Structure formats: C-alpha cells, structure tokens
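Q: Quick one: sequence and predicted model below, then my questions.
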Amino acid sequence: MPLPIATVDAKGRQAHGAAVLAIGTANPTSCVPQEEYADWYFRVTKSEHLRELKAKMERICQKSRIKKRYFHDMEDTLLKHPELVDSALPSLDARQSILASTMPEVAAAAAARAIAEWGRPAADIIHLVFSTSSGAHMPGADLRHASLLDLRPTVQRTMMYMNGCSAASAALRVAKDIAENNHGARVLVAAADHTLINFRAPHEDHPETLIMQALFGDSAAAVIVGSVSSGTGGHANGHQMSGVEHPLFEMLSASQTVVPNSEDAAAGKLTEDGLVFCPSPKMPALLRQPVEQCLVDAVIGMLGSGGSSNWNDLFWAVHPGGPAILDSVEAALALAPGKLGASRHVLSEYGNLAGGWAPAPA
Ligand SMILES: CC(C)(COP(=O)(O)OP(=O)(O)OC[C@H]1O[C@@H](n2cnc3c(N)ncnc32)[C@H](O)[C@@H]1OP(=O)(O)O)[C@@H](O)C(=O)NCCC(=O)NCCSC(=O)CC(=O)O
C-alpha cells in the first residue's frame, strides 16, 4: 500500500501521517462462560419462571459463537441495587454512580498497558481522547482516567459520548487529526463500555433485551497515536522519534458514512432505566448490500482510484457486533475464510465489546 506523502504545515514544518504506536486492552475479572449465561442471567434477575424466554435465551447464546464474556461483579451489585432489575424503579442514578468509578478504572488498566508498550512516560502524553456510551458526568470519565494515570494537568481532553459501537473508530479519527495538526503531539485514545448501563431483567415485550444480554461484554481498549514521517518509521513530525517508539500501524485515512434508511437500525435511548438499545433484527441484512460501495468510496479517498479491488489483499478488523454481522460482511465482500479471524477471535473470547474493543491476534 503506498505511504502518505509528506506535506508542509503553516509554519513551514514537515507534516506527516499519524500512526498507532502502542495498544493495550483490559477487562474486569469476573468471567461467565456463554454456556452458563442463560442459567446465570435468569437466576440473578429472579426470572426463572419465564421458561419460554429462557429457552429463547439459550438458543441465542448457542448461536452467538461466543465462548465467554467478562463483567463487572454483577451479583454483588444486584444485591445492593435491586432497582437494576426492577424496571418499575428508576435506576439511572445507581448505574451512573457505579460506572463513574468502575469504567475509568478498567480504561486506565488498558491505558497503562499501552503506555508500558509505548515506552515513554505518561507525562509525555499531550492529548487524551476518551469515548464511552456507559454513563455521562461533568467532569467526565476522561478526568478520572487522567488522574488514575497521573497524566499532566494540562493534558488536552476531548470527551466523546454515545457513539455506540463506532466509538473507538470515531475516537481514532479524532486522534489522527490531532496528531497530524499539532507538532510532536502524542495522543492517548481510550474507549470503554460496561454492560451495567443496559443490564435489565428479561421481558416478553422486549426481545431485544435478550440480544443485548446475550452478546455484549465489558472491556476497555487504549491506543497511543503520534505522527511519523513517511516511510522511515523513525521520525516524529520531522524530529527523530524517541528510540523507544515503534509505529505499529499507519493511519492513512479515516472516514465515516451512513447506510441510507438505517437511522433506526442501531438506536439507543438514555432513560430512567439506563440505556435502552434496540438492535434491529434487519441489521445484518441491511449492511450486506451497501457495504462494498462504502468501502470502495473509503479506499478511493485513501489511495485514489488505483486502490486494490481484491478485498482479500487487506487485513481486516471489523467490529464484532455479532456472528450474523460478520457473516454478512464476509459474504458481501467474498472474503476468504479466516480474513475476519481477528474479529471472530474477539467475539469468541470476549463478546461484542461495543465501543471498547481492539483486535487481538487470531
Ligand atoms: C442474534 C444472533 C446471534 C442469532 O443467531 P442466528 O441469526 O443464527 O439465529 P436466529 O435467526 O435463529 O435467531 C435466534 C433468535 O434470536 C432472535 N433475534 C435475532 N436477532 C434479533 C434482534 N435483533 N432482536 C430481537 N430478536 C432477535 C430471532 O428471532 C430468534 O428467535 P427464535 O429462536 O425465538 O425464533 C445473530 O442473529 C446476530 O449476530 N445478530 C446480530 C446482532 C446485532 O444486531 N449485533 C449488533 C449490535 S449493535 C452494535 O454492535 C453496534 C452499535 O451498538 O452501535
């Protein structure tokens, strides 16, 4: 793939493309095997009398192609906060106050791993981009995160809320712009989501609740982004990169598009009962037809019209929204078996991590 061409910024300095310099991930320690999830979920929500719904939950879990997921310690939390499973009681305050501490802690654990891999001190981070759909505060999870990591008080914080499963991609897009337009900047990107924001008991009138509880898990991912000069892998904005820094992935281009008539397909509402999210059953089919044209447009924006036309030439990290989503992308692009290996591995080992995921080696 061609490398980006260096340009000159307003001050006459060489401006260069951004790169990912390190990646870290973290999960809470409580792990539930997927084959035990239906039993666990109907027991802790005191819903074992809903036999048909439980059987449906077992079918969804079996078809999820997930082996296990990690969660904040829910049993203890549910004992202290029965309002989390009783939809007659408002529960947003409880969800918010628990997430205010637990979610930034997992994000900080992911970031500490990224910083260790990066090799430079946390104080060298100039910008922080934090993204989540799990709670909203002022000041937000970004400030708690900065404090846990001992970032400099002048760290430039950008907080992004409610971007759903595109949260990590959106945060990387913002980080790329920051790194390419701020001389020598090093940007810490952190994205985290916890299912506590939408955990609730099953209900006959809300089948989407079963999908949410069966697929999603808790996690955080963090990335360090900085600018490197084209092709050398050894310079940062015209300066020699610190010897410890190693670009892992160049960020050639970042773009976003909306599939026509899909506005209601992945819609969420923040309510007194937490985040109510309804993934449409049509979502896997809805993306199948337009996905290739979306990618053609993105690749032309990146490489010009001479880009590759064989999607199997590329490395893929598709958000593991569910097995039907991955199957749709694979079929639409005629990808060879194994090309979505990183995404299928994350889905199998952790579940759908909403905004807080990073690809892991297959
Ligand atoms: C849920 C699945 C694992 C089920 O597997 P299969 O499709 O093989 O099996 P299936 O069709 O028999 O479905 C099993 C049961 O689940 C029900 N079912 C399936 N999808 C549903 C949905 N979206 N809402 C409510 N019910 C649903 C079916 O009717 C069926 O019920 P019955 O057995 O009674 O007939 C899969 O369909 C899948 O991966 N779906 C995509 C999930 C998704 O939308 N993920 C994206 C989340 S949003 C996201 O990631 C982005 C974001 O947040 O921004």
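A: Thanks, I have it.

Q: could you give me the average pLDDT of stretch 257-264?
A: For stretch 257-264, the mean pLDDT works out to 88.

Q: all numbers from here: first residue = 827
A: Okay, residue one is now 827; in that scheme the one you just asked about reads as stretch 1083-1090.

Q: in that stretch, what's buried?
A: Within stretch 1083-1090, no residue is scored as buried using 16 or more other CB atoms under 10 Å. For every residue, glycine as well, the C-beta is placed using N, CA and C.

Q: what's the distance between it and the middle of its chain?
A: Using CA atoms, centre = their mean, to the nearest Å, the mean C-alpha position of stretch 1083-1090 is found 20 Å from that of the whole chain.

Q: what does stretch 954-961 give?
A: Worked out by CA atoms, centre = their mean, stretch 954-961 lies 10 Å from the chain centre.

Q: what are the bridge partners for residue 858, then?
A: Judged by DSSP bridges, the bridge partners of residue 858 are residue 895.

Q: Checking residue 954 next. Helix, strand or coil?
A: What DSSP: H, G, I helix; E, B strand; the rest coil gives for residue 954 is strand.

Q: Same question for residue 1171.
A: helix.

Q: measure it to residue 992 for me?
A: 20 Å (CB to CB, to the nearest Å).

Q: Can you get me a residue count around residue 1051?
A: Residues near residue 1051, counting by other CB atoms under 10 Å, number 28.

Q: cool, and residue 1184?
A: 21.

Q: Can you tell me, leaving aside adjacent residues, what's nearest to it?
A: With sequence-adjacent residues excluded and distances taken as CB to CB, 6 or more residues apart in numbering, residue 1184 is closest to residue 1047, at 3.8 Å.

Q: Return the residues in contact with the closest residue in space to residue 912 that isn't next to it in sequence.
A: Nearest residue to residue 912 in three dimensions, chain neighbours excluded: residue 1027, at 7.4 Å (CB to CB, 6+ apart). Taking CB atoms under 8 Å, 6 or more residues apart in numbering, we find residue 1027 in contact with 871-873, 911-913, 1035.

Q: try residue 938
A: Applying CB under 8 Å, 6+ apart, the residues contacting residue 938 are 850, 975.

Q: Same question for residue 1181.
A: By CB under 8 Å, 6+ apart, the contact set of residue 1181 is 957-959, 989-994, 997, 1017-1019.

Q: For the ligand, what is the nearest residue in the stretch 1077-1188 of the chain?
A: Taking CB to the nearest ligand atom, the ligand has its nearest neighbour within the stretch 1077-1188 of the chain at residue 1148, 2.5 Å off.

Q: Would you agree that residue is in contact with residue 1178?
A: Yes. Contact criterion CB atoms under 8 Å: residue 1148 and residue 1178 qualify, at 6.2 Å.

Q: Next, show the common contact partners of the two.
A: Common neighbours of residue 1148 and residue 1178, counting by CB under 8 Å, 6+ apart, are residue 1041.

Q: In terms of helix, strand or coil, where does residue 913 fall?
A: Secondary structure for residue 913, judged by three-state DSSP, is coil.

Q: and the residue lying closest to it once chain neighbours are set aside, backbone torsions?
A: Excluding the flanking residues, the one nearest residue 913 by CB to CB, 6+ apart is residue 1099, at 5.3 Å. In terms of degrees, to the nearest 10, the main-chain angles of residue 1099 are phi -100, psi 30.

Q: Please tell me how far residue 1099 sits from residue 928.
A: 19 Å.

Q: Close to the ligand: what parts of the stretch 877-1026 of the chain are there?
A: 882, 885-886, 889-890, 990-992 (CB under 6 Å from any ligand atom).

Q: Which residue, other than its chain neighbours, is closest to residue 1075?
A: Nearest one to residue 1075, counting by CB to CB, 6+ apart, is residue 846 at 4.4 Å.

Q: Show me the strands paired with the helix or strand hosting that neighbour, marking each as parallel or antiparallel.
A: Applying DSSP states H and E as the criterion places residue 846 in strand 844-852. Paired with strand 844-852 in the same sheet, following DSSP bridges, are strand 1045-1053 (antiparallel), strand 1075-1077 (antiparallel).

Q: rank those strands by pLDDT, which is bottom?
A: Among the strands paired with strand 844-852, strand 1075-1077 scores lowest, with a mean of 92.

Q: Many thanks, we can stop here.
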